[in-house]
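A.B. asks: structure for this input, please:
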Amino acid sequence: MEEITFRGAVLHAPPFATVEELPGGAYEYGGVQIDLLESMKQFALEDNILVNFDLRPSPPQYGAAFNLVANDCNTTDNPNTVEACNEIDIMVANFYSTPSRALRSELSPSWMRSTISTMKYTDASKTLRDVTTMEQAAGFGVPVCLKTDTFYAGVVAAKFPSIIFVSCGDQDICISKLKAQECGLYASDELQLRFRAANDNTLSVTPESFNTQYITWAFKDSTPNIRWVKKWIYQAVVNTTMDQLYFKYFQKELCPVGTAGESCELKCDPDHGEADESGLCVCKSTKYTGDDCSIEVPEEKNLISAGLKAMAYLMVACNYIVILGLVLWMILKKRSHQIRLSQPFFLLLVLLGCAISTSTIWAMTQEDPGDGPVRACMAVPWLYSVGFSITFGCLFAKIRRVYLIFKSAADFRRSKVTFGETCSITAAVLLLDVTILMIWSIVDPLQWERTVTSIDKFGVPLSSEGICNCQHWEVWVGSISLLHGGLLAIACYLCYQSRDIPTKFSEGKYVSIAMFSNLQIFVVGLPILIILGSDSSAGFFVRTVIIWMNDLVVVVLIFGNLIYHVHFHPAFDRVDKEDVSREIGSAIQQFSLAKKERSQRSSSSSEQEKEKSRRSAKIAQFGTSSEFKMNSRASTGSRFEMPSVAEESDEDDASGSASMHFTVPNKDSEEKKDSTVPSVAKAVKDVSHTSWGDMEFKSESIQSTSFKGLEGLDNNN
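C.D. replies: Numbers count the residues shown, from 1 in each chain. Coordinates of the predicted model:
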């Protein structure tokens, strides 16, 4: 049997090789490479060769150790003497095979592969900024520990030139500095880092790795029989000796594919799972579950649950029942003067608008688990916008009609606001909305789209959500919002101007409350929708509640006040027309007085405005205009005739007149006539019938006299 001896030096670099000095000056060697040498001795015996490895410690640095087997000894780059270099045949160290090393020495076949990676300290008491990647360390200015005189030190420095590096002489010093938080990461060989992390739970190897490297030994060029060493290294790779060493030092050997358990006795789906170090079958993707990863998890479609849909349908039914009940109530109470004064035609339109708007909730429940189509997509803006336009368009037109009538009476101007004109305003608002919706439906209609929100590492969809979408929805929603916002702003202005008109004739107060309530709902609801983001179920619930509450609040506020007056103040419905006319006259007088008080508070500097204010106050006090003159001592008083604010109906008096009379008491019936206003007397001489705004004036007892105290009011005309 042939005997061969190789002189070698061992570089201390756990777990690849360890060098421990024993008492008496001897050394004990261990690690991956020492185990490989022992395996090679067995391979040599198979070749009828007795091989010995005469080992000694090498310098602690990779560069210094490599110089002992390099072919450029006794040079500037390698100051070692030729004699010192000739003492070593094999350098047992985990060298990366590089072009420069291949020129300076003969390299063995690669017996293992590794990469450059990083490690971080994970203790809870850590105060240094936590980083995981080298880019983060560069961006936040966190230092990185790096062992000097190594090949990977140059690779890392060249790849990340902006990083602050902290140099350390060996691995133990680098890890000590990492724990002392002198650096946030430690960059080194991945296999070495994994070995240290496996024995210290405060250390963690990051997922980042780069620059795959192949590990070799370095031989002296003139070493005889070196071909046998190369053969035995290849044999260690082929017969899985290196695999066994890898699982021994770097990673626990896993169960074969398709098995799991402590003894690999259980099944694990080979396509979707693999056993971990503890033998547990771990699914490769959340798409699969089960003990053996064989159960496929259905894709999460983010559909609206049946419970939420049932709740939405209950909300729709609730509003429909309330609206239908109010329609029936109005039919039963159609003879009520309070309902007639509230203009029932427009009240019915308000109910219709709320019913259409509430139907939007039904349209929002329509969805498709796939890619559609969902034909109810475009119905959502149609139903909501048309319902809103009808509801608030009617309220706007109704308030405007009453406001103009009262304002004309207070200003003594002829003004006639017809039913047709009021309807045309509502129709105009609706037409604008319908025009925008028609263009939207033709040019860029809403279509059902399903978007994948998450996938597994294999690209298999895990969850998706479907929405109605179009390319330029911001333009269309913005246009409709601008129209609705403008309508609400004008309506709020008219409500403010009509605040002094009694609620029997105008629901301005309650419309204002309804609008403010709607504004509150939107102010609270929109931020919630933004916070919820892609949570389709929660977003659907919030949108449903917003629409339901908007419509219900409008109906309750507008009709609640009306129901209260009809049922709890029935006296107004039982009085005769003379009493009703006095109510209207009193309402105009109240509106005029309030206007006069506001005018006085404004402290206008214009004398003309002051005279007009005085004139309005006097006329409001006596209940008639300076354009007309009546007998101040008439015992029968005077009577005005004005079209009812309510709609004309066949319930009027037997004469068929659609007018409503109101009587203004004669304030000066007991006083003497002191003076007259010639211009006024001339203007109304022999007048028995005329009109005022939308009111007709008829006097049953007119004499050519004027009110006491109105002398000189027309002198400025």
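A.B. asks: run a quick neighbour tally on residue 454.
C.D. replies: Neighbours of residue 454 under the rule other C-beta atoms under 10 Å: 11. For glycine as for every other residue, the C-beta is placed from the backbone atoms N, C-alpha and C.
A.B. asks: what segments of the stretch 51-200 of the chain are helices?
C.D. replies: 62-67, 82-85, 99-104, 134-140, 151-159, 171-179, 190-198 (DSSP state H, counting those that start in this stretch).
A.B. asks: element containing residue 355, please.
C.D. replies: Here residue 355, judged by DSSP states H and E, is contained in helix 344-364.
A.B. asks: can you name the element that comes right after that helix?
C.D. replies: Helix 344-364 is succeeded, C-terminally, by helix 379-411 (DSSP H and E).
A.B. asks: for the residue lying farthest from the centre of the chain, give its distance to residue 234.
C.D. replies: No residue in the chain sits farther from the centre than residue 1, which is 81.0 Å out by C-alpha atoms, centre = their mean. Separation of residue 1 from residue 234 (C-beta to C-beta, to the nearest Å): 22 Å.
A.B. asks: same question, residue 113
C.D. replies: The value you get for residue 113 to residue 234, if C-beta to C-beta is used, is 15 Å.
A.B. asks: cool, residue 341 as well?
C.D. replies: Residue 341 is 107 Å from residue 234, where distance means C-beta to C-beta.
A.B. asks: and these two? which has more neighbours close in?
C.D. replies: The residue with more neighbours, out of residue 341 and residue 234, is residue 341; 25 against 13, by other C-beta under 10 Å.
A.B. asks: what's next to the helix or strand containing residue 441, contact-wise?
C.D. replies: According to DSSP H and E, residue 441 maps onto helix 419-443. Helix 419-443 is contacted from outside by 345-346, 349, 378, 381-382, 385-386, 388-390, 392-394, 396-398, 400-401, 470, 476, 479-480, 483, 487, 647-648, using C-beta atoms under 8 Å, 6 or more residues apart in numbering.
A.B. asks: give me the buried subset of those residues.
C.D. replies: 346, 349, 378, 381-382, 385-386, 388-390, 392-394, 396-398, 400-401, 470, 476, 479-480, 483, 487 (16 or more other C-beta atoms under 10 Å).
A.B. asks: report the contact partners of residue 92.
C.D. replies: By C-beta under 8 Å, 6+ apart, residue 92 lies in contact with 8, 9, 10, 11, 17, 33, 34, 37, 55, 58, 217.
A.B. asks: the nearest residue to residue 276 once chain neighbours are set aside in helix, strand or coil?
C.D. replies: The spatially closest residue to residue 276, leaving aside those adjacent along the chain, is residue 282, at 5.0 Å (C-beta to C-beta, 6 or more residues apart in numbering). State at residue 282, reduced to three classes by DSSP: H, G, I helix; E, B strand; the rest coil: strand.
A.B. asks: my read: residue 282 touches residue 273, true?
C.D. replies: Yes - with contact defined as C-beta atoms under 8 Å, residue 282 counts as touching residue 273 (6.2 Å).
A.B. asks: need the overlap of contacts for these two.
C.D. replies: With C-beta under 8 Å, 6+ apart, residue 282 and residue 273 have common neighbours residue 293.
A.B. asks: tell me the buried residues in stretch 15-27?
C.D. replies: So, applying 16+ other C-beta under 10 Å, buried residues of stretch 15-27: 15, 16, 17, 18, 19.
A.B. asks: how far does that stretch stretch from start to finish?
C.D. replies: 17 Å (C-alpha to C-alpha, to the nearest Å).
A.B. asks: number the residues from 29 up from this point.
C.D. replies: Fine by me, first position is 29 from now on; the one you just mentioned is stretch 43-55.
A.B. asks: any residues touching that stretch, and which ones?
C.D. replies: 38-40, 56-62, 83-85, 120-122, 219-220, 223, 243, 277-278.
A.B. asks: low-confidence ranges in the stretch 329-478 of the chain?
C.D. replies: 437-446 (pLDDT under 70).
A.B. asks: ok, the lengthiest strand in the chain: who's next to it in the sheet?
C.D. replies: When the chain is scanned for its longest strand (criterion: DSSP state E), the result is strand 231-247. The pairing partners recorded for strand 231-247 under DSSP bridges are strand 118-124 (antiparallel), strand 134-135 (antiparallel), strand 140-149 (antiparallel).
A.B. asks: now the shortest one, how far from the chain's geometric center?
C.D. replies: In this case it means strand 134-135. In this view, strand 134-135 has its centroid 62 Å away from the chain centroid, taken as C-alpha atoms, centre = their mean, to the nearest Å.
A.B. asks: what's the average pLDDT for it?
C.D. replies: In this model, strand 134-135 has an average pLDDT of 94.
A.B. asks: how about the helices in the stretch 229-378 of the chain?
C.D. replies: Using DSSP H, counting those that start in this stretch, the helices of the stretch 229-378 of the chain run over 254-266, 269-277, 334-360, 365-369, 372-392.
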